[in-house]
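Enquirer: output the structure for:
(one chain, ligands or ions: 1)
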Amino acid sequence: MSRIFSGVQPTGDLHLGNYLGAIRNFVGLQADFECIYCVVDMHAITVWQDPKQLAPHTREVAAAFIASGIDPENSIIFNQSQVTAHAELAWVFNCVARMGWLNRMTQFKEKAGKQRENASVGLYVYPNLMAADILAYKATHVPVGEDQKQHLELTRDIAIKFNNDFETDCFPVVEPLIFGEATRVMSLRDGTKKMSKSDPSEYSRINLTDGADDIASKIRKAKTDPGELPGPEALAADGLHVEGEAEKARPEAFNLLSIYAALSGQSMAVTLEQFAGAQFSAFKGELADLSVAKLGPIGEEMQRLMASPDHVDAVLRDGAERAAVIAAPVIKEVHEIVGFLGS
Ligand code: TYM
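Expert: Okay, here's the model as predicted:
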């Protein structure tokens, strides 16, 4: 049986990258699969979070899930710290994963930077907790943006090593689901950098709670290049993907075009046809209108939900109860496999 699991950190300022790379894809998967969507507050504290902000930020992610179209009756929405299985399984995985595997994680290197000695141990073992999130439910498919690919490879390695070491077939080998026209949304100020919450410039990203004026002005000020918009000649031989070289030469142009394609629900090929030879000023006007039309209602619904914290908290509590029921037998099975007495 297929089961979907994914998570988003409540670190504030959810942005267009989170939406197009992940949350929007979560919505579509509900029709065909059992889905579990988690606000990963335990991952968030691997870097400092103001305790007064963590609860509102947790509600913000839950509100974004619901406002984007995830149905909490049908799918499970909860925050990680309410289900103890995540921490319990993460400890077992700390003893399965190898130091060498974690040393290769590029996200740790990026986040720890030159302060490696001063980074939290939690940040280092972050991918083991992520593997525990997924495997506590024996989830089989994980929708994420491209930046999480390496972490999911580690999840696969952990499942395989656990199964081999203990001569079991307890855990599935998960498949990443990385799809859509915007699996890696780039900064609006620099097309070579990922759109991210940690970028100091507000103009680098569109936040899901931005109003129409902010969305339009951020798009108007987005970095471009002096050329006209490229056409379908930028596509690779398969006609499906933009040629890597074309994208490298004009990262800002292709980033804005892929945002347009993703928001409009049309392919990159059709989008390139539509704007071939256009001026950036005209294209930006259309992109701003489309962004406001698609993101405006989501932002408004998020604000409405965040004004009813009790309602959001009840959704998270209910989701946590349902999640715990699924995880409990998996934890019991793991205890038996490992040889813990008393399970
Ligand atoms: P996080 O909170 O950084 O991001 C949430 C989701 O948004 C995607 N994303 C992007 N996609 C496209 N372009 C971007 N610029 C962009 N920025 C972020 C991410 O790929 C992600 O899918 N480690 C995870 C959270 C996590 C998780 C899990 C995910 C914890 N446990 C288990 C899946 C399964 C993270 O930091 O996501």
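Enquirer: which regions of the protein sit below the pLDDT cut-off?
Expert: The chain contains residues with pLDDT under 70 at 343.
Enquirer: go through it and flag its longest helix.
Expert: If you go by DSSP state H, the chain has its longest helix at helix 309-338.
Enquirer: tell me if that helix is near the ligand.
Expert: No: figure legend: helix 309-338 not in contact with the ligand (CB under 6 Å from any ligand atom); closest approach 12.8 Å. To be clear about C-beta, it is placed using only N, CA and C from the backbone, and glycine gets the same treatment.
Enquirer: what is that helix packed up against?
Expert: strand 34-39, helix 51-68, strand 76-79, helix 85-94, helix 280-306 (3 or more CB pairs under 8 Å, 6 or more residues apart in numbering; DSSP states H and E).
Enquirer: the ligand is nearest to which of these?
Expert: strand 34-39 (6.7 Å; CB to the nearest ligand atom).
Enquirer: quick one, that closest one and helix 85-94 angle?
Expert: 90 degrees (axes from the mean of the first three to the mean of the last three CA atoms, to 10 degrees).
Enquirer: between helix 85-94 and the longest helix of the chain, find me the angle.
Expert: Using the same axes, to 10 degrees: helix 309-338 against helix 85-94 is 40 degrees.
Enquirer: find the closest residue to the ligand in the stretch 51-200 of the chain.
Expert: Taking CB to the nearest ligand atom, the stretch 51-200 of the chain has residue 145 as its residue nearest the ligand, at 2.3 Å.
Enquirer: and for that residue, the neighbour number?
Expert: Look at residue 145: counted by other CB atoms under 10 Å, it has 22 neighbours.
Enquirer: repeat for the one 3 residues further on
Expert: With neighbours defined by other CB under 10 Å, the count for residue 148 comes to 21.
Enquirer: try the one 3 residues further on
Expert: For residue 151, the tally of surrounding residues (other CB under 10 Å) stands at 21.
Enquirer: what's the closest non-adjacent residue to residue 161?
Expert: Leaving aside its sequence neighbours, residue 161 sits nearest to residue 96 (CB to CB, 6 or more residues apart in numbering; 5.4 Å).
Enquirer: who touches the one you found in this structure?
Expert: Shown in contact with residue 96 (CB atoms under 8 Å, 6 or more residues apart in numbering): 158, 161, 162, 165.
Enquirer: any idea how far it is from residue 216?
Expert: 49 Å (CB to CB, to the nearest Å).
Enquirer: enumerate the residues of the stretch 51-200 of the chain near the ligand.
Expert: Residues of the stretch 51-200 of the chain lying near the ligand (CB under 6 Å from any ligand atom): 130, 133-134, 142, 144-145, 147-148, 151, 183-185, 194-195.
Enquirer: narrow the residues you listed to those in strands?
Expert: residue 142 (DSSP state E).
Enquirer: give the burial count for residue 1, as a bare number.
Expert: Residues near residue 1, counting by other CB under 10 Å: 7.
Enquirer: start the count at 785 instead of 1 going forward.
Expert: Right, with 785 as the first residue, what we last looked at is residue 785.
Enquirer: report the contact partners of it.
Expert: 818, 924.
Enquirer: follow-up on the earlier one: taking the residues of the stretch 835-984 of the chain next to the ligand together, which two end up most distant?
Expert: Greatest spatial distance among those (CB to CB): 918 and 979, at 24.2 Å.
Enquirer: ok, these two, which is more surrounded?
Expert: When neighbours are counted by other CB under 10 Å, residue 918 and residue 979 differ, and residue 918 comes out ahead with 30 against 25.
Enquirer: roughly how far apart are the residue lying closest to the more buried one once chain neighbours are set aside and the ligand?
Expert: Spatially, and ignoring its direct neighbours in sequence, residue 918 is nearest to residue 789 (4.9 Å; CB to CB, 6+ apart). Residue 789 is 6 Å from the ligand, where distance means CB to the nearest ligand atom, to the nearest Å.
Enquirer: give me every residue that touches residue 789.
Expert: Residues counted as contacts of residue 789 (CB under 8 Å, 6+ apart) are 819, 820, 821, 822, 917, 918, 921, 923, 925, 926.
Enquirer: residues near the second one, how many?
Expert: When neighbours are defined as other CB under 10 Å, residue 820 has 24 of them.
Enquirer: contacting residues around it?
Expert: By CB under 8 Å, 6+ apart, the neighbours of residue 820 are 787, 788, 789, 790, 859, 860, 862, 921, 923, 1107, 1110.
Enquirer: which residues does it bridge with?
Expert: residue 789, residue 860 (DSSP bridges).
Enquirer: give me the residue from the stretch 985-1127 of the chain nearest the ligand.
Expert: Counting by CB to the nearest ligand atom, the stretch 985-1127 of the chain gets nearest to the ligand through residue 989 (8.2 Å).
Enquirer: leaving out chain neighbours, which residue sits closest to that residue?
Expert: residue 799 (4.2 Å).
Enquirer: in the sheet, who's paired with the one you found?
Expert: Beta-bridge partners of residue 799, as defined by DSSP bridges: residue 991.
Enquirer: what number of residues are in the vicinity of it?
Expert: There are 21 residues near residue 799, going by other CB under 10 Å.
Enquirer: just checking, it touches residue 987?
Expert: No: in this structure, residue 799 is not within contact of residue 987 by CB atoms under 8 Å, at 12.0 Å.
Enquirer: got the contact list for stretch 940-953?
Expert: 876-877, 880-881, 885, 912, 915, 919, 954-958, 1121-1122.
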